[in-house]
Each structure stands twice: as structure tokens, then as C-alpha cells.
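Q: Structure here, sequence nowhere to be found:
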């Protein structure tokens, strides 16, 4: 399903490896749209809903799982994480995204389906993850911010006190490769942008490319 026409045309997604600047650009776009008098909802995935909270705890190794008589461990089977992401996405669509779009808002999401496909496919079959997310409509536009993993990890280490499960250079390199594989046949809504551009220049290119 495509979001370029109809209800999901105003659904805008920012994608990229950790440290690519998706959160910054989503905030910049919200400010630009509100300057024009548009109504905007900003959101993100994993969401802050009940399932999304479980996902975040798993990624931050705060999700302790008992293993019978063995000591509890903080690792969760990647298949479980993929299923949680898909469940969170259903809840996110029903609770936040679709209701806002139906009221005429723009919805800006920091990550969506492509993040699941790129990140989780480094541990399991891409097509299996894709099937889990067949329920999710495509947005009106996906902005992929292309940033070298070495640059991204420098940004992360400079700006955060704690890193999640994916925030190592080796993993970011694998996820970066996952995005490249995913976008060999790019979806119609995708626009790749140079995430190393100055923040304001990049924000102007995003606004110019809105559907």
C-alpha cells in the first residue's frame, strides 16, 4: 500500500541509522509546518505506548527474562523483539497515526517500518520481518538520512550518556548495509538525503520535497 494519495499522504517518516539526525529533522519539519499554520503530531517508534515501552526496555537491556533454574539474562530472542515491534506498530497506527490523519493533521514519525526491516534483518530473514509488517501502510514520504556509520557513532558518543543495544560501530555498519539492501528497489515514497549537510540546509530540502 502506498501513502502518496489519500489518508496517509500527510504521514511523513524519517529513517536512518542511530545518529543520522532523524529526531532533529523531524523537529525542524514540525516547526516549519507550524509556521505555515498546519496542525502537526510528532511521534516515534518504538512508541511510548505499552508495547513500545517493552521494546525500549529490551533494546536497553532492562528486559530481564528468567530461564528456568538459570540466572536471569537480559537478552531477548531477536524474533521476539521483531514481533514486539510489529505489535507496537499496530497499536501506534490505531492509537496515534490514523486518528491524527483523519483529523487533518500532518503526522511526523521518527522511524517506521523500514527501521524494522533494516535493523532486524541483520539477525533474521528480511522477508520474515517484511511479512510481519504487511499491515502497515506506506507513508506519503520517507526521508532516509544517509550518514556514514563512523560519523554517526561520533555523534552518539558526544551526545548521550547511555547507548542502546544497536549503538556500536560494528552494529551500525551492519544496519547501514541493511538499509542499502532494503533500498536497492526503493519504495515510491523514498527520498535519500545527505545527512551530513548543515542542519538548516537539510531541513530546507525536506520541506521542498513534501508530497
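A: Arrived safely, thanks for sending. Because the structure is predicted, anything quoted here is derived from the model rather than measured. Numbering: from 1, shown residues only.
Q: For the residue lying closest to residue 172 once chain neighbours are set aside, give me its contacts.
A: In space, not counting the residues next to it along the chain, residue 172 is nearest to residue 149; the distance is 4.1 Å by C-beta to C-beta, 6 or more residues apart in numbering. To be clear about C-beta, it is placed using only N, CA and C from the backbone, and glycine gets the same treatment. Taking C-beta atoms under 8 Å, 6 or more residues apart in numbering as the criterion, residue 149 is in contact with 17, 169, 172-173, 176.
Q: and the next element down the chain from the helix or strand of the chain with the lowest mean pLDDT?
A: Considering only helices and strands, the least confidently modelled element of the chain by mean pLDDT, DSSP states H and E is strand 70-73, at a mean of 54. Going down the chain from strand 70-73, the next helix or strand is helix 78-92, by DSSP states H and E.
Q: Run through the neighbouring helices and strands of that next one.
A: Secondary-structure packing of helix 78-92 (3 or more C-beta pairs under 8 Å, 6 or more residues apart in numbering; DSSP states H and E): helix 50-59, helix 113-120, helix 126-132.
Q: TSV please, covering those helices and showing mean pLDDT.
A: As requested, the helices and strands packed on helix 78-92 are arranged in TSV below (pLDDT from 0 to 100):
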stretch	mean pLDDT
helix 50-59	86
helix 113-120	95
helix 126-132	95
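Q: Rebuild those as CSV, extending it with mean neighbour count and distance to residue 193.
A: Listed next are the helices and strands packed on helix 78-92 as CSV, based on neighbours: other C-beta atoms under 10 Å; distance: least, C-beta to C-beta, whole Å:
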stretch, mean neighbour count, distance to residue 193
helix 50-59, 18, 25
helix 113-120, 24, 14
helix 126-132, 15, 23
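Q: From the rest of the structure, what touches stretch 38-46?
A: When contacts are defined by C-beta under 8 Å, 6+ apart, stretch 38-46 is touched by residues 23, 26-27, 30, 33-34, 52-53, 55-56, 59, 85, 88-89, 92, 96-97, 100, 103-112, 115.
Q: The residue nearest the centre of the chain and residue 154: what is the separation?
A: Closest residue to the average C-alpha location of the chain: residue 111 at 1.6 Å, with C-alpha atoms, centre = their mean. As judged by C-beta to C-beta, to the nearest Å, residue 111 and residue 154 stand 21 Å apart.
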